[in-house]
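Enquirer: fold the stuff below for me.
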Amino acid sequence: MLEALRSFLSGKTLLIFVTIMAIPFVFLGSSAVGTIFTTYGKVNGLEVTQADLNAANNTVNQRLVDVYGDAFTLDLIPEDNLLEMVKEEIISQKTLLSETIDLGISVSEAEAKKGIMQSPSFRTGAQFDQIAFETAVRTQGYTPNSYISMVQEGLAKNYLIDMITASFFTLDSEIQNMAKLIEQERDVSFIKIDFNDLKSTIQADLTEAQSYYEANEIKFYSDEARSMNYIYLTNDSYKDGVEVPKNYEEEAYADYLARLEMRSEKRASHIMVDLINYDSKSEALNIITKAQDALNSGLNFIEVVQEYSEDLISKDLDGDIGFSSGDVFPEEFESALIKMSEGDVSDIIFSEATNSYHILKLTEINKETPNSFDDMKDELLQELIEAESIALMDEDRDIIDNAILDNLSIQEIASSLGIEIKSTENLTINNFDFELSDPQIAQTLFSIPNGFDSAEVIEIDEGMIILSLNSVQASNLIPFEQVTEEAIDYVINDKALELVLTLQNSLISEESPDLSASYLSTDNFIGVKRFSSLLPADVLQQAFLSPINEQFQITASNGDSYLMTIDSVKSPDDEFLSAMIEEYKEFDKNQVSNKMATLVFAELRNSAKVNLQNL
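Expert: Numbers count the residues shown, from 1 in each chain. As a prediction, this is how the structure comes out:
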């Protein structure tokens, strides 16, 4: 029952913070918001980075999946709506973070690492799995260090929420009463009028239908229909116009080889001494120097790691910190590794990014084997054609935008581009039978005022479409002969509703009503729970509001009518409540936390200084 209640509430509860120990494995594809920029502005003076954008994308996606199920994808959300959701997530997280900074709430790197190592997402069996950790965080666009920093910030924000909600509590007796109410069961008996079965017994003739049609003409008007002129441009439209430079394949292959060289990965291990563990920088330097002396005396690197390294995560892996292709490790690491050969050990390095001393060992160099020129030349040529066709289409897009600003017609635009105009038959908003299924096209066409000849441009996945209004067929009264069946169905529906009212009154007033009709049925359910699927939700809600032995009538949203009596009410016994009380305490704590977090964030959000850019 408690799980059903959680599911029921999940779509209505506003969550403004997330536990980030377990990464939602969401691959950011075409529907992810944002292009990579250096900065996305600031919130309360805190810079918004690409990592913040990635985290907000993932959090929004995961929240929607939790509500709508695993079949949900970001493609189902209009881009503008998704962008607003991501912006609000960024603002909420940065606002909370700035409040933790103002209040001096912080989490040490060691505490964050401990949490990471204990997270089930990064464990194989009972052991922390470094490879799983690195794969997960790098898949999401983080380095291990940046993810650890994110965990520090996330834990600090959770501590802030915990501090706020700690002063709000519910008495055990109140929680027990809540559990007793939620776990209550009811025995019910009822007479049901099945609306669809009742309708199937009713007839209507043409005279009745004609009378209904004449009295309700507004229900029988056609939809407005419109046709449009349009130009449809895709990347493929421009591929024949791409000019391939002389010797392009050879030069592109040389670039390909150079890129492979730059992408070669280097695997490293390290010994780390963290300044946070010492009173002064000189004390830390003294320890890392001892580690260097131990290496110089002949101890192998792994032995020195185990004796001196303070990186809890990599220490369990003999110092291994994984691979980098030149942009994963801190800048000081990358600068040292580029000068080293496989097996070399570095001098002592101080990293500003991690505020710690390190000694590196280059343990492996992984170079990708290049494909031959013959295998690559067609692919390289297609890359050029694809890129250049997009560039040519972008040039035409600029021409089109300027033409629209100058109020040129679609005919003038087509003439300037040397492109043919196409036209559609009449289309309606509810029957938009067009070669492209993008809903923006119908929305744009039916938003153009009648008589306007201006062109509109719409970007779609395959390219763009330029359209203008061609003709409008106004809504008009449809002849009776074309809507006879519809009119008959309206008459039958009205007769059915009248008969339902008559039946309801007779069922209530008669001591022994006639229940022989096929659309009438009687039944009784024993031990019905509050979130049962045995009855419609609106019927259940009324059943749990009604007193015992009192008869009530309700019409469900599907049209079926119920005359119901609550025969008995069963509350859970003390033994059952005792077994459930801890789970209900946790449930109550989460609900209070969410409500308080919502109130607190609303206050903080109203005073936030937001300056987002490039979104």
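Enquirer: quick check, residue 186 in a strand?
Expert: Yes. According to DSSP: H, G, I helix; E, B strand; the rest coil, residue 186 belongs to a strand.
Enquirer: pretty sure it is touching residue 569, no?
Expert: Yes. Under the criterion of CB atoms under 8 Å, residue 186 makes contact with residue 569 at 5.5 Å. From N, CA and C alone the C-beta is placed, and that goes for glycine too.
Enquirer: neighbour count: these two, which is higher?
Expert: residue 186 (21 against 12; other CB atoms under 10 Å).
Enquirer: so how far is residue 528 from the more buried one?
Expert: 5 Å (CB to CB, to the nearest Å).
Enquirer: who touches both of these two?
Expert: Listed contacts common to residue 186 and residue 528 are residue 543; contacts here mean CB atoms under 8 Å, 6 or more residues apart in numbering.
Enquirer: got any ranges where the stretch 151-300 of the chain has weak pLDDT?
Expert: 164-172 (pLDDT under 70).
Enquirer: please, where are all the helices along it?
Expert: Shown for the stretch 151-300 of the chain, the helices assigned by DSSP state H, counting those that start in this stretch span residues 172-182, 195-199, 206-215, 248-262, 281-296.
Enquirer: deepest of these, which one?
Expert: Stretch with highest mean neighbour count among the helices of the stretch 151-300 of the chain: helix 195-199 (a mean of 18; mean count of other CB atoms under 10 Å).
Enquirer: may I have it as PDB, with CA atoms only?
Expert: Output in PDB follows, covering the C-alpha atoms of helix 195-199 (Å, rounded to 0.1, in the frame of the first residue of the first chain):
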ATOM      1  CA  PHE A 195     -23.400   3.300 -19.500                       C
ATOM      2  CA  ASN A 196     -22.200   1.800 -22.800                       C
ATOM      3  CA  ASP A 197     -24.400  -1.300 -22.400                       C
ATOM      4  CA  LEU A 198     -27.300   0.900 -21.700                       C
ATOM      5  CA  LYS A 199     -26.700   3.000 -24.800                       C
END
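Enquirer: work out the gap between that helix and the centre of the chain.
Expert: 41 Å (CA atoms, centre = their mean, to the nearest Å).
Enquirer: residues making contact with that helix?
Expert: So helix 195-199 is in contact with 492-493, 496, 499-500, 517-519, 558-561, going by CB under 8 Å, 6+ apart.
Enquirer: picking that back up, among the helices of the stretch 151-300 of the chain, which comes closest to residue 75?
Expert: Nearest to residue 75, of all those, is helix 248-262, at 31.0 Å by CB to CB.
Enquirer: other SSEs contacting the closest one?
Expert: helix 373-405 (3 or more CB pairs under 8 Å, 6 or more residues apart in numbering; DSSP states H and E).
Enquirer: next secondary structure after the helix it packs on?
Expert: Next along the chain after helix 373-405, taking DSSP states H and E as the criterion, comes helix 410-417.
Enquirer: and that following helix with helix 373-405, angle?
Expert: Counting by axes from the mean of the first three to the mean of the last three CA atoms, to 10 degrees, helix 410-417 points 140 degrees away from the direction of helix 373-405.
Enquirer: contacts for helix 410-417, please.
Expert: 229-231, 396, 399-400, 403-404, 408, 420-421, 455, 466-468.
Enquirer: are any of these buried, and which?
Expert: 229-231, 396, 400, 403-404, 408, 421, 455, 466-468 (16 or more other CB atoms under 10 Å).
Enquirer: considering those, which is situated nearest to residue 194?
Expert: Distances from residue 194 to those, taken by CB to CB, are shortest for residue 467, at 48.1 Å.
Enquirer: regarding that closest one, what is its secondary structure?
Expert: Going by three-state DSSP: residue 467 is strand.
Enquirer: nearest residue to it in space, please, no chain neighbours.
Expert: The shortest distance from residue 467 to any residue other than its chain neighbours is 4.2 Å, reached at residue 230 (CB to CB, 6 or more residues apart in numbering).
Enquirer: cool, and residue 251?
Expert: Using CB to CB, 6+ apart, the nearest residue to residue 251 is residue 245, at 7.9 Å.
Enquirer: neighbours of the one you found, just the number please.
Expert: 9.
Enquirer: and residue 333, how many residues sit next to it?
Expert: 22.
Enquirer: same question for residue 565.
Expert: Using other CB under 10 Å, the number of residues around residue 565 comes to 17.
Enquirer: the bottom helix or strand of this protein by mean pLDDT?
Expert: helix 2-10 (a mean of 38; mean pLDDT, DSSP states H and E).
Enquirer: tell me what the next helix or strand after that helix is packed against?
Expert: From helix 2-10 onward toward the C-terminus, using DSSP H and E, the following helix or strand is strand 41-43. Packing contacts for strand 41-43, counted by 3+ CB pairs under 8 Å, 6+ apart, involve helix 79-102, strand 610-612.
Enquirer: show me what contacts residue 318?
Expert: By CB under 8 Å, 6+ apart, the neighbours of residue 318 are 269, 302, 305-306.
Enquirer: name the SS class of it, please.
Expert: coil.
Enquirer: and the gap between the closest residue to residue 483 other than its chain neighbours and residue 431?
Expert: Leaving aside its sequence neighbours, residue 483 sits nearest to residue 220 (CB to CB, 6+ apart; 5.1 Å). Note on residue 220: its distance to residue 431, by CB to CB, is 17 Å.
Enquirer: which one's more surrounded, those two?
Expert: Neighbours per residue (other CB under 10 Å) separate residue 220 from residue 431, with residue 220 holding more: 19 against 10.
Enquirer: list the buried residues in the helix or strand hosting residue 61.
Expert: Assigned by DSSP H and E, residue 61 belongs to helix 50-68. When neighbours are counted by 16+ other CB under 10 Å, the buried residues of helix 50-68 are found to be 50-65.
Enquirer: with respect to residue 504, which of those is nearest?
Expert: Proximity of those to residue 504 (CB to CB) peaks at residue 64, which lies at 41.7 Å.
Enquirer: and the pLDDT for the closest one?
Expert: Note for residue 64: predicted pLDDT of 82.
Enquirer: surely it meets residue 70?
Expert: No. With contact defined as CB under 8 Å, residue 64 does not reach residue 70; the gap is 10.9 Å.
Enquirer: show residues contacting stretch 511-527.
Expert: Contacts of stretch 511-527 (CB under 8 Å, 6+ apart): 185-195, 197-198, 201, 503, 506-507, 534-535, 567, 570.
Enquirer: for that stretch, the averaged confidence score.
Expert: For stretch 511-527, the mean pLDDT works out to 93.
Enquirer: that one: end-to-end distance?
Expert: 27 Å (CA to CA, to the nearest Å).
Enquirer: what residues of it count as buried?
Expert: Quick answer for stretch 511-527 (16+ other CB under 10 Å): 519-520, 525.
Enquirer: repeat for stretch 535-550
Expert: Applying 16+ other CB under 10 Å to stretch 535-550 flags 535-536, 539-540, 542-544, 546 as buried.
Enquirer: same question for stretch 323-343.
Expert: Buried-residue list, stretch 323-343, by 16+ other CB under 10 Å: 323-324, 328-330, 332-334, 336-337, 340.
Enquirer: in terms of contact, does residue 388 touch residue 242 like I think?
Expert: Yes. Here residue 388 reaches residue 242: they are 4.3 Å apart, a contact under CB under 8 Å.
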